[in-house]
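In: turn this into a model:
(2 chains)
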Protein chains: 2
Amino acid sequence: MNLLRRYLPILTWGAEYSRKTLTNDLIVAGIVTVMLIPQSLAYALLAGLPPQIGLYASMAPLILYAIFGTSRTLAVGPVAVASLMTAAAVANVAAQGTPEYLGAAIALAMVSGLLLLAMGLLRLGFLANFLSHPVISGFITASGIQIAAGQLAPMLGIKAHGESFVDLVKSMAPELGHINPYTAVIGFASLGFLFWVRRGLKPLLRKFGLGERAADILTKVGPIVAIAATTAAVWGLGLTAHYVTIVGAVPQGLPRLALPPLDPALWAKILVPALLISIVGYVESISVALTLAAKRRQRVDPDQELIALGASNIGAAVSGGFPVTGGFARSVVNFEAGAETPAAGAFTAVGIALATLFLTPLLYFLPNATLAATIIVAVLSLVDLGALKHTWHYSKADGAAMAATILLTLIEGVEAGLIAGVGLSVFLHLYKTSKPHVAVVGQLPGTMNFRNVKRHAVVTDPEILSLRIDASLYFPNARFIEDYINRAVAANPAVRHVILECPAVNTIDASALESLEAVNHRLKDGGVTLHLSEVKGPVMDRLQRSHFLQELTGKVHLTQYEAVASINPGLALRTLEAARVISYQ
Amino acid sequence: MNLLRRYLPILTWGAEYSRKTLTNDLIVAGIVTVMLIPQSLAYALLAGLPPQIGLYASMAPLILYAIFGTSRTLAVGPVAVASLMTAAAVANVAAQGTPEYLGAAIALAMVSGLLLLAMGLLRLGFLANFLSHPVISGFITASGIQIAAGQLAPMLGIKAHGESFVDLVKSMAPELGHINPYTAVIGFASLGFLFWVRRGLKPLLRKFGLGERAADILTKVGPIVAIAATTAAVWGLGLTAHYVTIVGAVPQGLPRLALPPLDPALWAKILVPALLISIVGYVESISVALTLAAKRRQRVDPDQELIALGASNIGAAVSGGFPVTGGFARSVVNFEAGAETPAAGAFTAVGIALATLFLTPLLYFLPNATLAATIIVAVLSLVDLGALKHTWHYSKADGAAMAATILLTLIEGVEAGLIAGVGLSVFLHLYKTSKPHVAVVGQLPGTMNFRNVKRHAVVTDPEILSLRIDASLYFPNARFIEDYINRAVAANPAVRHVILECPAVNTIDASALESLEAVNHRLKDGGVTLHLSEVKGPVMDRLQRSHFLQELTGKVHLTQYEAVASINPGLALRTLEAARVISYQ
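Out: Next up, the predicted model:
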């Protein structure tokens, strides 16, 4: 592929852009803009930032993603989990409400963008693989619970602080006597309305004859109705006199473009959180992009997506915004409304810009409680505790990693939860492979195949011990295998030949080589020959670079059948003949 | 096995103890005692401790090992690498020469002993596996270099400080003008003599008709001669007037038994170093024990060895000593001198006790330079830079981990080196498995076996894509496999069936299951059937706990041959017939 077209996907879809696509993309942009305005404000507040920062983060990133992104339908911008992670990271370096806090959030977007860009250019996308599915799923569930709990405070008109669910709940408990009834009514009314929109409105609209898609999209516009109604109520009933907290004056006008100051001490402090936000954001974004692309048989390039998200975050930082990524809900709306190209995203950015220029005075009386309600409704759909049960049922190790991620996120906060989840996943994997499955195998009558003596009726020779090693041989299990073979031979004094069947041995590292050499020497002293069979090409290539094959007392055989046949040809052939009888039946 | 006999191996060998064994063990103890006295003093100085602490650490631990240890010939006590690690750990919490420094060293032995004991009781010996062979070998080489460099200072009568080789060399450079010529002469004379004893004495003794073993043992007693000669020289020539540093007054008498104070703040600070010392010490000790046991076909129980080393270190702490482990040199002397039971160790402890009671005044004029020379000679045999070359040649990843361990140990110190080595080993393993080897396979004519199309002349069907996945399917590679299959199918439009041959798939975790489900759905949409073959029992058991098998469009086949035969029986059988012809030739 042309280098420029590889790094600038816009050149591909832009070349085929037609008037019909333009009309379509413009309509989609209108719908998404309406949905995005309240979301942007709400997520900025969730991150502890002034509301306009959410709008700023919804302009430049969308345009940059349109230029660099490979998904036709992904919608980037502020999302719930990244906003929560931003709040946690920035609270460590500055106090909320100070210019330093805002500066740190912008710097976080910058560092996160640079990290994503570097990962994309260096093709380090595999780093995202270390977030296993159970860990990311547990993390998102825990984040959803924590965000919902945190938003109860603005919904009730009380104060709350804390970087974890547990801290939040602790800080809210003594405040429960100070609930503002006006705020609480607005909050719960909005919450009830929004839940009804989710569950009840769609069937109603369908009853009135609306199409499936149109009904779906209209339900996403629900928050705008709640916002309009509660804003009008606060203004009309003069509720600010009753201490209902409102958004207040949002500066009109576009953000000024400026490079965030290069502050090495600050950047060093936010490096780890920025890395975690980048990876979590990337994983969330790429899953959405792949899911939507598969439905229309489109391609998404995982490495180029890193570059696009990197550019989007750098764009957010340069235009005074905070970290962004591809969001699930907005991308689905974009997709279902019929977005055909990333241009729909660019037009959405223009829509947000127009709103920032002309509509912010309308938001003055918007109660924070309504925004809190929209966040709660959005994040509760992220919570999936049932997944914990399924995962635990499928694999205790995965379930444990997921449970640890959820618990630590709730108790210690987002960074501790993620790091513990990844660490535990890696540790449990190493632990499991440190005691691998080893099967004693015998020949399946009528075939040249060998199977576990415990699971199949197979033929064995007491002088031959055939072991199938169900693991790569590497440092965590090198000594285990050494010990296993020594014990197996000691327990079977008749054995004169040991054959290691290696179809599952994908690698033999230096530690395991050392162990195999020790096994070979010890068996030799005991008059037992060591053979290998079914050694894979890449493993064999490597063994040939050591002295092991010269020292090996037996031989390396292409198949386990050949290995046994070279020692006891009569038995091997008789067992195979039995097979022939079966295969002609 | 009887529980008491399992945890107290002394009950087993003690029951068969005879007068002949006693005589033999007593002779061995005499030889080892003579060798151990200078070593104990030297390693205490290396750890920055008063010389008598080395003697204290050579009594109780030996007796406790005799009770709990499963090796018949392992000799525990202070060793070079653990002494260096002790110095590095304790220097972080107290200044050398203070009572706090000594207290921290004793606490380190206590914590290390408790950790080893816990690991043994909880059967956590596998933790030691995470120190891969290249990492431990690189670490020992780097430690040897650093110890030797550090001992140049007492050998030259200058000062040096620093926790890494680089720091040591930096601190010694400006001191080179202050070399004490008397000290340097003693030091280099001792060094030259000791090297000659190692290389030249044995052939000479053999020429005079001594047996191989006797010659070997006599050469180990060389240090005692150097000590006697240089001590006499310092005393006779009054060299202390020329500022030759001597050991000085070593308190006579046995150590007082006392529990080290329980200081949680101190214990927390030394926890990580104590863990590292425990694991490094254990790995060193168990390798020596296994090597010696294999030569006499004896058994060593790795978990009980943890308990024995734990007890030994707790014993060291309670009797005012510092961390100990099984040492290579002393164990070999013990073995070669003919030790038959761990009682030889207990008798050695008595020998050391007698020396502490009666011989310490003789050590007054012993010059530190002589002890430094004995250390240098001992540790240079640990340095094996050739291993780096072999390891790199065999595996770049293992070579890189080893090189990183050596470099970081030399530059940043022992803890950084070890942690970096282990971290890099784990990371490189995960990285390698994140892009696993996948082979397109076909049927080997005349057999039911399938092999890589690139390496063998095999038969394939254009409608069937058979992929052998050479890796366990788990989170680091789940997305890679998903991507690989999607691309392979897109590149081969004729394909109607994909068969994943899974003999090397040792596990499928929750992340990989998620990916397989996605692959199955996408292939289904494209009219392609997904089959599995040669799925192992444990993997199949687990898959049956999910919905994957119900949703799978194809089937799970016992063998790859069966899978292909179920789709194109004619081709499979014709290819097998061809095989028969070959096998009758």
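
In: going forward, measure contacts between C-alpha atoms and count neighbours the same way
Out: Fine.

In: pLDDT (mean, whole number) over stretch A:429-446?
Out: Averaged across stretch A:429-446, pLDDT comes to 86.

In: tell me which residues of it are tucked away?
Out: Buried residues in stretch A:429-446, counted by 16 or more other Cα atoms under 10 Å in any protein chain shown: A:429-431, A:433-436, A:438-446.

In: give the contact list for the residue of the stretch 251-400 of chain A found nearest chain B.
Out: Per Cα to the nearest Cα, residue A:394 is where the stretch 251-400 of chain A lies closest to chain B, at 5.8 Å. Residue A:394 makes contact with B:510, B:542, B:543, B:545, B:546 under the criterion Cα atoms under 8 Å, 6 or more residues apart in numbering or on different chains.

In: just among those residues, which is most surrounded?
Out: Within those, most neighbours by other Cα atoms under 10 Å in any protein chain shown means residue B:510, with 27 neighbours.

In: return the distance of the helix or strand that contains residue A:467 from the chain's centre.
Out: Using DSSP states H and E, residue A:467 falls within strand A:464-469. Centroid displacement of strand A:464-469 relative to its chain, using Cα atoms, centre = their mean, to the nearest Å, is 40 Å.

In: do the same with stretch A:273-291
Out: With Cα atoms, centre = their mean, you get 6 Å for stretch A:273-291.

In: quick one: check that stretch for contact with chain B.
Out: No - Stretch A:273-291 does not reach chain B (Cα under 8 Å from any Cα of the partner chain); its nearest approach is 9.3 Å.

In: tell me which residues of that stretch are tucked away?
Out: A:273-286, A:288-290.

In: quick one, phi psi at the closest residue to residue A:328 other than its chain neighbours?
Out: Excluding its sequence neighbours, the residue lying closest to residue A:328 (Cα to Cα, 6 or more residues apart in numbering or on different chains) is residue A:288, at 5.9 Å. Main-chain torsions, residue A:288, degrees, to the nearest 10: phi -60, psi -50.

In: distance of residue A:288 from residue A:332?
Out: Using Cα to Cα, to the nearest Å, residue A:288 is found at 8 Å from residue A:332.

In: and if you look at residue A:543?
Out: The gap separating residue A:543 from residue A:332 is 51 Å, by Cα to Cα.

In: same question, residue A:111
Out: To residue A:332, residue A:111 is 28 Å away according to Cα to Cα.

In: between the two, which one's more packed in?
Out: residue A:111 (25 against 20).

In: so the spatially closest residue to that one that is not a sequence neighbour is in which element?
Out: Spatial nearest neighbour of residue A:111, chain neighbours left out: residue A:274 (6.2 Å); criterion: Cα to Cα, 6+ apart. Using DSSP H and E, residue A:274 sits in helix A:271-295.

In: ok, then the element right after that helix?
Out: For helix A:271-295, the following helix or strand on the C-terminal side (DSSP H and E) is helix A:302-318.

In: how far does that following helix sit from the chain's center?
Out: Going by Cα atoms, centre = their mean, where helix A:302-318 is centred and where its chain is centred differ by 17 Å.

In: any low-confidence regions in chain A?
Out: Across chain A, the ranges flagged by pLDDT under 70 are A:1, A:294, A:297, A:579-585.

In: residues from it in reach of chain B?
Out: Residues of chain A lying near chain B (Cα under 8 Å from any Cα): A:126, A:129-134, A:294, A:391, A:393-395, A:398, A:431, A:434, A:447-448, A:455, A:470-471, A:475-479, A:503-506, A:509-511, A:514, A:522, A:537, A:542-543, A:545-546.

In: quick one: contacts for the nearest residue to residue A:469 once chain neighbours are set aside?
Out: Once flanking residues are discounted, residue A:469 sits nearest to residue A:438: 4.7 Å by Cα to Cα, 6+ apart. Residue A:438 is in contact with A:467, A:468, A:469, A:470, counting by Cα under 8 Å, 6+ apart.

In: please redo it, this time with the cut-off set to 6 Å
Out: A:468, A:469, A:470 (Cα atoms under 6 Å, 6 or more residues apart in numbering or on different chains).

In: would TSV of the residues you listed with neighbour count and distance to residue A:177 be doable?
Out: Conversion of those to TSV gives the following (neighbours: other Cα atoms under 10 Å in any protein chain shown; distance: Cα to Cα, whole Å):
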residue	neighbour count	distance to residue A:177
A:468	25	67
A:469	21	65
A:470	24	62
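
In: so who does residue A:475 touch?
Out: So residue A:475 contacts A:511, B:132 (Cα under 6 Å, 6+ apart).

In: run the last query once more with 8 Å
Out: For residue A:475, the contacting residues are A:509, A:510, A:511, A:512, B:129, B:130, B:131, B:132, B:133, by Cα under 8 Å, 6+ apart.

In: same deal with residue A:256?
Out: Residue A:256 neighbours (Cα under 8 Å, 6+ apart): A:319, A:320.
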